[in-house]
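> just need the structure, nothing else, for what follows:
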Amino acid sequence: MDENSAQQNQTVLRRPVRPIPQEVAPRKMRIKIWMGWALIISAICVDLVELLGGYISFEIIATIVGWVASFVFWVWFLILGVPYSSNTKKFVMAIIMNLLEIIPGLDAIPVWFLWTLGMVTIVGMVRMEDKGEKPSIIGGFLEGFALAETLNPVALPIAIGTTGLNRARRFVKRKAGVGQANWVKQDEETDNADTAMGSIDG
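Got it, this is the predicted structure:
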């Protein structure tokens, strides 16, 4: 009995440890607003160079620029942590954009501007993913177009209208229960829109 009592007295009593609740880290935007501007402006420059090459009858220039731009944008997105293969719709959009731009003669048609349209859509789709939304081509275009239009103060009313349409679309989807449930507030976009309007009014 004495030995058993000694062993029981030597037993270490431990208090139950309660797990400490961990704060959920806010979603990180892989493509910031200024980075989205840089991508879209670069795509516009590529389209203009290809268009100029087609007008001066040097289609080989447009073709070479198309191949180089395809590689540069691919590496650029990899550095940002946004591989084309991370989303099926984004992958299809990137493939179509690249294939149509490297076809000689097609990139000289001014109505296309495929690099710009494709870049606006892909940037918008990535930002939709980072906000916890289910990306779509139409939604990505609206998201990217609203971001792109903030570059031009003259187009600010159009940008505000596009942003309002995009928010109305999200509101309808939330009410209908479409997409993910963890909708993220657009504090960054709201702050930047207010800053842009304040600078224009000033």
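> following the biggest helix by length in the chain, which helix or strand shows up next?
Longest helix in the chain by number of residues (criterion: DSSP state H): helix 33-55. The helix or strand immediately downstream of helix 33-55 is helix 59-79, counting by DSSP states H and E.
> would you mind getting the angle between that next one and helix 33-55?
Compare the direction of helix 59-79 with that of helix 33-55 by axes from the mean of the first three to the mean of the last three CA atoms, to 10 degrees and you get 170 degrees.
> where does the protein dip in pLDDT?
Residues of the chain meeting the criterion pLDDT under 70: 1-27, 53-59, 85-91, 98-112, 148-166, 168-173, 175-202.
> the longest helix of the chain packs against which elements?
The contact analysis (3 or more CB pairs under 8 Å, 6 or more residues apart in numbering; DSSP states H and E) places helix 33-55 against helix 59-79, helix 114-130, helix 137-149, helix 187-201. Glycine gets a C-beta too; all of them are placed from N, C-alpha and C.
> distance to Val46 for those - can I get that in CSV?
Shown next, in CSV, are these (distance: least, CB to CB, whole Å):
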stretch, distance to Val46
helix 59-79, 5
helix 114-130, 5
helix 137-149, 15
helix 187-201, 25
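> figure out which of those helices is closest to Lys32.
Of all the helices and strands packed on helix 33-55, it is helix 187-201 that lies closest to Lys32, at 8.3 Å by CB to CB.
> tabulate the helices and strands packed on helix 33-55 in CSV, adding columns for mean neighbour count and distance to Arg30.
Formatted as CSV, the helices and strands packed on helix 33-55 follow (neighbours: other CB atoms under 10 Å; distance: least, CB to CB, whole Å):
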stretch, mean neighbour count, distance to Arg30
helix 59-79, 16, 9
helix 114-130, 24, 6
helix 137-149, 22, 14
helix 187-201, 12, 13
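> nearest to Met29, out of the ones you listed?
Of all these, helix 114-130 comes closest under CB to CB, at 4.9 Å.
> restricting to C-alpha, output that closest one in CSV.
Output in CSV follows, covering the C-alpha atoms of helix 114-130 (Å, rounded to 0.1, in the frame of the first residue of the first chain):
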residue,chain,number,x,y,z
LEU,A,114,-6.7,40.7,-77.9
TRP,A,115,-3.7,41.2,-75.5
THR,A,116,-5.6,44.1,-73.8
LEU,A,117,-9.0,42.3,-73.6
GLY,A,118,-7.4,39.1,-72.5
MET,A,119,-5.3,40.8,-69.9
VAL,A,120,-8.2,42.8,-68.5
THR,A,121,-10.2,39.5,-68.2
ILE,A,122,-7.4,37.5,-66.6
VAL,A,123,-6.5,40.2,-64.1
GLY,A,124,-10.2,40.5,-63.1
MET,A,125,-10.6,36.7,-62.7
VAL,A,126,-7.5,36.5,-60.5
ARG,A,127,-8.9,39.3,-58.3
MET,A,128,-12.3,37.5,-58.1
GLU,A,129,-10.4,34.4,-56.9
ASP,A,130,-8.6,36.4,-54.2
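> perfect, I'm done here.
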